[in-house]
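Asker: show me how the following folds:
(one chain, ligands or ions: 1)
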Amino acid sequence: MIGKRWMATGWRLAAAALLMGALAACNATPTPTPTPVPMPAVTVEISDSALTMPADVPAGLVAVTLKNSGQAPHGPIFARLNDGVTQEQFMETMQTDESGTAALALVSLLGGAQAQPGASQQMVFDFKPGAYIAIDMGEGAGPPLMANFTATAGSGPAPAEPAATVNAELIDFQFTLPDQIKTGAQTWKIANKGGQWHEMGIFKLNEGVTVDDVMAMMMSGEESQGPPPFETMAFWAPMSQGEHAWLTMDLPPGTYTVLCFLPDFSSTPPMSHLQHGMVRTLTVTE
Ligand SMILES: [Cu+2]
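Answerer: Numbers count the residues shown, from 1 in each chain. As a prediction, this is how the structure comes out:
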C-alpha cells in the first residue's frame, strides 16, 4: 500500500513538476511575437504644373505613393546628390550642360515609376541618408517639375523589406526576369546589379505583334507612322548601379517586351543598351 501510495504521489509530483516547469518555461521565454515595424509612408503629389512632397523623409525603407492629378502621365525620377553637392549646384549644372552628362555625374539615380492621369502608383525606396531631388522632366516644353528633400536616419527599428513576387535584376546588358508571371497586383523588386545605369520600359504588344516586329521598328531609326504597335504599361526611370527599389503593378495578361534605351557612354558614339541586346520577352498569364 505504502509503495503504491508513494508511487501515486510520486507520479503526481512529477506531473506537477513538469507542469510547473512548462509554466516557468513559458514565463521565462514568452513566445516571441515580433511586432511588425510599420513602414514610413510618403505621398508625392504631382499635377501638370507642380510636384509636392514632404521636405523631410526618414532614411531607410519608405513607401512612396505617387498621385497624379494632372492631364498627362507623370513619372518623377528620384536622385540622391553625391556628398558635398548642393541642390543649387545640381540645378545650375543641369541648365548649363545640354548633354546632361555633367549633371548625371553629381547624383545617384534611384529610378521612379510613372502614374497615369488621375491614377496612383505604389513604390518603396531604400533612402540612404542624404539630400535628394525628385524631378519630372514632363512631356511638353515647360520647365521640369521638381522638389528637394532630405532623408535623415532615425533611431527606431527598421521595417522589413516588402515581399517581392517578381525579382527583376538589371545587368549589363540584360534583364534577369521570370519568363512568365501572373496577372494581378505583383510587387517587383528592381535591382541594378550591373556596372552601368539602366531603366525598364514594359510594353504590352498589340494582338499579332511580335517582339521581333517591335525590335525591327526600333532599330530602323525611322520615324514610324501611326500609333505604336504596343502600349506602354510601366516605365521605371533610370537607376544607377547598386540601387534597388520596389514597384507594385498589375499587368493584364498578354505578351510584353521589356526594354532599356539608355546610352552606353563607354562606347563612341554611345550605343543604346537596346543595341547591346537589353531586351526581354515577358508573358503575363491569367
Ligand atoms: Cu540598360
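Asker: helix, strand or coil for residue 218?
Answerer: Look at residue 218: counting by DSSP: H, G, I helix; E, B strand; the rest coil, its state is helix.
Asker: and the residue in the stretch 51-200 of the chain that the ion sits nearest to, how many residues sit next to it?
Answerer: Residue of the stretch 51-200 of the chain nearest the ion, by Cβ to the ion: residue 198 (3.4 Å). C-beta coordinates here come from the backbone N, C-alpha and C atoms, glycine included. Neighbour count for residue 198, taken as other Cβ atoms under 10 Å: 30.
Asker: hmm, it is touching residue 276, no?
Answerer: No. If you go by Cβ atoms under 8 Å, residue 198 and residue 276 don't touch, sitting 10.9 Å apart.
Asker: related to what we said a few turns ago, for the residue of the stretch 51-200 of the chain closest to the ion, which non-adjacent residue is closest in space?
Answerer: Distances taken as Cβ to Cβ, 6 or more residues apart in numbering place residue 170 nearest to residue 198, at 3.7 Å, with adjacent residues excluded.
Asker: now do the strand or helix carrying that neighbour: distance to the chain's middle.
Answerer: Using DSSP states H and E, residue 170 maps to strand 166-171. Centroid separation between strand 166-171 and its chain, computed with Cα atoms, centre = their mean, to the nearest Å, is 10 Å.
Asker: for that strand, which residues meet the burial criterion?
Answerer: Neighbour counts over strand 166-171 (16 or more other Cβ atoms under 10 Å) mark 166, 168-171 as buried.
Asker: cool, stretch 123-143 as well?
Answerer: So for stretch 123-143, counting by 16+ other Cβ under 10 Å, buried means 123-127, 130-138.
Asker: just to revisit the earlier point, ok, now which ones touch the residue nearest to residue 198?
Answerer: 176, 190-194, 198, 200, 239, 260 (Cβ atoms under 8 Å, 6 or more residues apart in numbering).
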